[in-house]
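A.B. asks: Got a predicted model here, sequence first, then my questions.
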Amino acid sequence: MAAASDVHPVGVAPIASDRESAPGRERRRGSLTGWRITPYLFIVIPVALLLTFTYIPVLNMFWYSVTDWDGLDKVKNFVGLDNYVRVFTREEYFRVFYVSLFYFAASFVQMAIALYYATILSFSTRFRNLFKGILFFPYLINGVAIGFIFLYFFKPGGTLDATLTAVGLEHLSQQWLGNRDIINVSLASTSVWRYTGLNFVLFLGAIQSIPGQLYEAAEIDGASRWQQFRYIIAPGIKPIIGLSFILAISGSLAVFDIPFIMTSGANGSETFVIKTIVTAFKFNKVGQASAMAVVLLLIVLLVTWVQRRLVPDEKVNLT
Amino acid sequence: MTALDLRAARERELPARPSAHRWRRGLANSVKYGSLVIGSVLTLLPLVVIVMASFKNQREFQTTGPYDLPQALGNVENYVIAFTKGRMVDAFVNTSVILLVSITGTILIGTMTAYAIDRFDFRFKKSVVMLFLLATLVPGVTTQVATFQVVNTLGLFNSRLAPMILFMGTDIVSIYIFVQFMRGIPKELDEAATLDGANHWTIYRRVIFPLLKPAIATVVIIKGIGIYNEFYIPFLYMPSRDLGVISTSLFRFKGPFGAQWEVIAAGVIIVIIPSLIVFLLLQRYIYNGFTSGATK
């Protein structure tokens, strides 16, 4: 889930209605007793689900994280902050942060590619929709299918090796998923292939929401394409780039699908979420896994808070 | 450089060297189209070799390279194996059932919440809105360790109900899309309906719900694609082989077909084809859906 992965709920503006001025009038109108309970009837199921599947788990997670619970035992022994200390001191746990750096770096490559194609496709181009479709389509492909596609791509004698041989670079061939020094680069590239399309479409949408007259005026004034990019496009899409950048941080910590499907976290490709899942469900250390999940949650919250401060909500509105 | 300078520069330059200008345009165009073709090839290459592999028979696969064309393009043997031994039919049924129920539920929950939040003023409204807002900040991947215990306690583990209820109960982005859209629907419509004697339920069902159709379409598309591709939740909550969905069934190809890449390739293509069809039919809505879903 590298970078601005799925439709991520972070860039969300307040739901609160800005039209709360008419309660008096409405109350008079609906003075039946039915009126008072109506909103509660509409909202009781959604709120019950929200509490059961979001808030109870979050609260429990904090509680589990200071115990040594194994997920089954009736007794949960309080162990203080031991689990947290382990996350930051034991190499096996701390290593996942190092792995996420690869995905973080990859998300920059991804954004750069996406921005380049979004810019050139925002000018009139032959087969524009075809190119747009091709670049975007990988994002719609099932993650497991992508995992297999790239296992085949990187396997010895697979697509990549065959390509290198075809262009006379076979000496570069190696164990793309077997070499600990390369594996995370291979996996992060897969993630770039998968998610560039989403970034690209988001950037393209932002560029197209810039009024066309601006380009026309610039064109008349003789501005080059580069100048149009520098002075019109770049400022216009700053908010969405800021948002993508921030999402890249939490996204690179939340990577799961690709490395899990392709390598199960072997050869030093274990990510934060894989490590958490393995700790909880394979080694039954629910307490330890909860501490990891809490750390991840706090990092995501911190990142979101920073994003809110840097990118005001009303600016990230492109529709 | 100001615009005026630029124009002056251009006027000086144009009559003198028209060919140089055209030449530069031509170069820019070849760079542009060249990079588009390279991007497309890099995107399509990993897919094309999988399509080729899926038509090769076992011996053929072992003796040829990824770029060698299959002998018979009509060789569907691998597809038959993938469908039958890979239990892809069950997978499609399970995915469809989960998809249908979860999307219906999400729409009902989302529209009802949006109706209550936008059209009513009630006690605890601020707290309820805050609860939903705060929940958008909690990424689902982080809490599964504890969510698992809740699902287990409710006896939903290893049943289709687990993903269904999680898909509909934890989707705050959809609720948000509905609330946004609801604000654009004039309140006068509700009032007119009230004058005609409609109660709140009728207003919701006959006035609001039909007007929310565009938002519903967006949610169906984003959510549908999301659920079809979801791996994490079914993997965690439905380990039983009978409950395989598209993702988990394909993932299980890893064991029995580990050495049979040609069958795995067929499975991959089977999974991709529905996505491709939906994409070709609904392109415009999909782009719009993701743009509005990601930035709101």
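C.D. replies: It's in.
A.B. asks: Just list the residues touching the residue lying closest to A:Lys285 once chain neighbours are set aside, thanks.
C.D. replies: Excluding its sequence neighbours, the residue lying closest to A:Lys285 (CB to CB, 6 or more residues apart in numbering or on different chains) is A:Thr279, at 5.0 Å. Where C-beta positions appear, they are placed from N, C-alpha and C, glycine not excepted. By CB atoms under 8 Å, 6 or more residues apart in numbering or on different chains, A:Thr279 lies in contact with A:285, A:288-289, A:292.
A.B. asks: If you rank every helix and strand of the chain by mean pLDDT, what lands last?
C.D. replies: Using chain A. Using mean pLDDT, DSSP states H and E, the weakest-scoring helix or strand in chain A turns out to be helix A:23-29, at a mean of 45.
A.B. asks: how about low-confidence regions in the chain?
C.D. replies: Looking at chain A here, since you left the chain open. A:1-35, A:311-319 (pLDDT under 70).
A.B. asks: Can you look at chain B instead?
C.D. replies: Those would be B:1-18, B:293-296, if you go by pLDDT under 70 across chain B.
A.B. asks: ok and the residue in it nearest chain A?
C.D. replies: B:Gly169 (3.3 Å; CB to the nearest CB).
A.B. asks: burial count for that residue?
C.D. replies: 21 (other CB atoms under 10 Å in any protein chain shown).
A.B. asks: Against B:Asp118, how distant is it?
C.D. replies: 21 Å (CB to CB, to the nearest Å).
A.B. asks: again with B:Ile185
C.D. replies: Distance from B:Ile185 to B:Asp118, by CB to CB: 8 Å.
A.B. asks: who has more neighbours, the two?
C.D. replies: Comparing B:Ile185 with B:Asp118 by neighbour count (other CB under 10 Å), the higher total belongs to B:Asp118, at 21 against 18.
A.B. asks: so that one makes contact with B:Phe181?
C.D. replies: No. Contact criterion CB atoms under 8 Å: B:Asp118 and B:Phe181 do not qualify, at 9.5 Å.
A.B. asks: Now do the helices in the stretch 101-250 of chain B.
C.D. replies: B:125-136, B:140-153, B:161-169, B:172-183, B:187-195, B:200-202, B:209-211, B:213-229, B:232-237, B:246-251 (DSSP state H, counting those that start in this stretch).
A.B. asks: count of residues packed around B:Gly34?
C.D. replies: B:Gly34: 10 neighbours (other CB under 10 Å).
A.B. asks: One more: B:Val76?
C.D. replies: Neighbour tally, B:Val76, other CB under 10 Å: 14.
A.B. asks: got the contact list for it?
C.D. replies: B:Phe55.
A.B. asks: Could you tell me which helix of chain A is the longest one?
C.D. replies: Longest helix in chain A, counting residues (DSSP state H): helix A:91-122.
A.B. asks: which strands and helices sit next to that one?
C.D. replies: Applying 3 or more CB pairs under 8 Å, 6 or more residues apart in numbering or on different chains; DSSP states H and E, one finds that helix A:91-122 contacts helix A:82-89, helix A:128-136, helix A:183-208, helix A:234-253, helix A:272-277, helix B:18-54.
A.B. asks: Turn the ones you listed into CSV, columns for distance to A:Ala105.
C.D. replies: Shown next, in CSV, are these (distance: least, CB to CB, whole Å):
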stretch, distance to A:Ala105
helix A:82-89, 22
helix A:128-136, 21
helix A:183-208, 7
helix A:234-253, 8
helix A:272-277, 16
helix B:18-54, 19
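A.B. asks: Nearest to B:Leu211, out of the ones you listed?
C.D. replies: helix A:183-208 (24.5 Å; CB to CB).
A.B. asks: name the element the residue of chain A found nearest chain B belongs to?
C.D. replies: Closest to chain B within chain A is A:Leu49: 3.3 Å, counting by CB to the nearest CB. Per DSSP states H and E: A:Leu49 is located in helix A:33-50.
A.B. asks: what's the angle between the helix or strand following that helix and helix A:82-89?
C.D. replies: Per DSSP H and E, the first helix or strand lying C-terminal to helix A:33-50 is helix A:56-64. Helix A:56-64 runs at 90 degrees relative to helix A:82-89, counting by axes from the mean of the first three to the mean of the last three CA atoms, to 10 degrees.
A.B. asks: got the contact list for helix A:56-64?
C.D. replies: A:76, A:286-287, A:290, A:293-294, A:297, B:138, B:143, B:145-147, B:149-150.
A.B. asks: CA atoms only: put it into CSV for me.
C.D. replies: Provided in CSV are the C-alpha atoms of helix A:56-64 (Å, rounded to 0.1, in the frame of the first residue of the first chain):
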residue,chain,number,x,y,z
ILE,A,56,-13.8,-0.7,20.7
PRO,A,57,-10.8,-2.2,18.8
VAL,A,58,-8.8,1.0,19.2
LEU,A,59,-9.4,1.1,22.9
ASN,A,60,-8.8,-2.6,23.3
MET,A,61,-5.6,-2.2,21.4
PHE,A,62,-4.2,0.3,23.8
TRP,A,63,-5.2,-2.0,26.7
TYR,A,64,-3.6,-5.1,25.1
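A.B. asks: tell me the angle it makes with helix B:140-153.
C.D. replies: Using the same axes, to 10 degrees: helix A:56-64 against helix B:140-153 is 90 degrees.
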